[in-house]
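1. Fold the stuff below for me.
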Amino acid sequence: MSVSTNSIKLLAGNSHPELAKLVSQKLGVELSKIQVSQYSNQETSVTIGESVRDEDVFILQTGCGEVNDYLMELLIIIHACKTASARRITAVIPNFPYARQDKKDKGRAPITAKLMANMLQTAGCNHVITMDLHASQIQGFFEVPVDNLYAEPTVLRYIRDQVDYSNSVIVSPDAGGAKRAAALADRLDLNFALIHKERQKANEVSRMVLVGYVQDKVCILVDDMADTCGTLVKAAETLISHGAKKVIAIVTHGIFSGDAVNRINNSPLDKVVSTNTVPHDNIQAQCPKLDHIDISPTLAEAIRRLHNGESVSYLFTHAPLG
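-> This next block holds a predicted model:
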């Protein structure tokens with residue numbers, strides 16, 4: 001996979017330099033020179049070290065860690081490219097920040113995902129590439145095209161290569177992920193189970209009810225996001241209490257905030273597998289149960305296809321070779 005180095009510019013913020021390097025290697029394109037730093041008063045400073053005039057620019061920045069700082073970085077880089085006469089600016093945001101604030105679910109609640117869309121467009125963004133949006137209708141918040149890629153093909157390959165799934169069942173830890181889990185179960189020709197969860201307050205699950213049969217089965221929990229991991233851990237406990245032999249969790253965005261690592265280490269989860277949309281260098285040594293799936297080939301192929309004017313829908317069902 002390669003593209004002409006004088007027709008595309010790949011820039012990266014500070015959120016996930018490892019993923020940016022992997023994507024650049026897969027594309028055969030060097031990362032463009034850019035300096036992103038903070039002044040002593042915490043204002044973000046951006047200097048692009050080479051011309052982007054009339055270029056097809058892709059800016060890779062994911063939602064993680066100091067999410068507001070990284071968001072501001074992204075907006076300033078987009079604006080810097082716009083004022084430097086870039087032909088097209090595409091924001092590559094594997095983990096879209098504020099995606100969980102996608103609806104007005106109580107009085108006076110903000111729809112922050114819509115605000116995100118407005119800010120990106122105002123900064124000068126012409127196109128967005130993201131992965132496994134928490135709510136796919138967020139695409140409708142934008143007036144510019146949004147390509148929402150799926151981790152499912154890469155997850156399928158991982159399960160087929162790394163998991164003995166002949167005696168497995170795919171489990172969704174909540175009703176919202178039922179469609180995702182059912183699609184995965186169909187592709188693998190496996191049964192599907194669902195856990196209904198009741199919440200007292202945000203990020204705190206009070207009760208879980210299992211719908212489905214898991215006795216003596218290897219349970220593969222699938223979800224789009226693991227944040228505090230309270231849901232995954234309670235789901236694993238529920239499955240083990242119903243006779244499951246082993247529980248493996250596979251998530252797209254492994255945020256692992258707060259006390260998530262201790263929860264995983266002290267849980268009945270055998271393994272937690274996450275894609276590298278979010279960096280995990282700081283917790284890898286603390287969590288031996290953690291495993292990774294590299295999604296840089298999918299992002300690189302999406303960039304290549306978008307640059308060349310090819311269809312991206314092929315990637316919805318196929319995982320590019322690493």
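
2. hmm, who's touching stretch 155-162?
-> With contacts defined as C-beta atoms under 8 Å, 6 or more residues apart in numbering, stretch 155-162 is touched by 165, 184, 187-188, 220, 222, 250, 252, 273, 275, 291, 293, 319. Every residue, glycine included, has its C-beta placed from N, CA and C.

3. distance between that stretch and the chain's centre?
-> Distance of stretch 155-162 from the chain centroid (C-alpha atoms, centre = their mean, to the nearest Å) equals 18 Å.

4. next one: stretch 264-271
-> Distance of stretch 264-271 from its chain centroid, counting by C-alpha atoms, centre = their mean, is 22 Å.

5. before we move on, the earlier item: among the contacts of stretch 155-162, who's most crowded?
-> Ranked by neighbour count (other C-beta atoms under 10 Å), the contacts of stretch 155-162 have Thr252 at the top, with 28 neighbours.

6. and that one, that's in a helix?
-> No. The assignment for Thr252, made by DSSP: H, G, I helix; E, B strand; the rest coil, is strand rather than a helix.

7. pretty sure it contacts Met131?
-> Yes. The pair Thr252 / Met131 is scored as a contact, 6.5 Å apart, by C-beta atoms under 8 Å.

8. what residues are shared contacts of those two?
-> Any residue near both Thr252 and Met131 by C-beta under 8 Å, 6+ apart counts here, and that gives Ala151, Thr275, Thr277.

9. Per the annotation, how does the protein divide into domains?
-> Domain ranges of the chain: 8-150+296-316, 152-293, per automatic domain parsing.

10. for the helix or strand where Arg207 lies, what is the average pLDDT?
-> Assigned by DSSP states H and E, Arg207 belongs to strand 204-211. Mean pLDDT, computed over strand 204-211, is 76.

11. same question, stretch 71-90
-> Stretch 71-90 comes out at a mean pLDDT of 97.

12. name the element Val222 belongs to?
-> Using DSSP H and E, Val222 sits within strand 218-226.

13. which stretch in the domains of the chain has the least confidence?
-> domain 152-293 (a mean of 92).

14. That one: end-to-end distance?
-> Taking C-alpha to C-alpha, to the nearest Å, domain 152-293 runs 11 Å from one end to the other.

15. Against which helices or strands is the helix or strand just after the strand holding Val222 packed?
-> Per DSSP H and E, the first helix or strand lying C-terminal to strand 218-226 is helix 230-241. Helices and strands touching helix 230-241, by 3 or more C-beta pairs under 8 Å, 6 or more residues apart in numbering; DSSP states H and E, are strand 191-201, strand 204-211, strand 218-226, strand 246-254, helix 260-265.

16. Only the C-alpha atoms, please, for helix 230-241, written as PDB.
-> Extracted C-alpha coordinates of helix 230-241, given in PDB (Å, rounded to 0.1, in the frame of the first residue of the first chain):
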ATOM      1  CA  GLY A 230     -17.700  -1.400  35.800                       C
ATOM      2  CA  THR A 231     -20.100  -2.800  33.200                       C
ATOM      3  CA  LEU A 232     -17.600  -5.400  31.800                       C
ATOM      4  CA  VAL A 233     -16.600  -6.700  35.300                       C
ATOM      5  CA  LYS A 234     -20.200  -7.000  36.500                       C
ATOM      6  CA  ALA A 235     -21.100  -8.700  33.200                       C
ATOM      7  CA  ALA A 236     -18.200 -11.200  33.700                       C
ATOM      8  CA  GLU A 237     -19.400 -11.900  37.300                       C
ATOM      9  CA  THR A 238     -22.900 -12.500  36.100                       C
ATOM     10  CA  LEU A 239     -21.700 -14.900  33.300                       C
ATOM     11  CA  ILE A 240     -19.500 -16.900  35.700                       C
ATOM     12  CA  SER A 241     -22.400 -17.100  38.200                       C
END
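
17. how near is Ala235 to Thr275?
-> Going from Ala235 to Thr275 by C-beta to C-beta, to the nearest Å gives 19 Å.

18. so Thr275 sits in a strand?
-> Yes. Counting by three-state DSSP, one finds Thr275 located in a strand.

19. so what's it bridging to?
-> For Thr275, the beta-bridge partners under DSSP bridges are His253, Ile293.

20. For Arg88, find the nearest of the helices and strands packed on helix 230-241.
-> Smallest distance to Arg88 across the helices and strands packed on helix 230-241 (C-beta to C-beta): 26.5 Å, for strand 246-254.

21. Test my guess that Asp270 contacts Leu290.
-> No. Asp270 lies out of contact with Leu290 (C-beta under 8 Å); the separation is 11.8 Å.

22. between the two, which one's more packed in?
-> Neighbours were counted for Asp270 and for Leu290 using other C-beta under 10 Å; Leu290 has more, 19 against 14.
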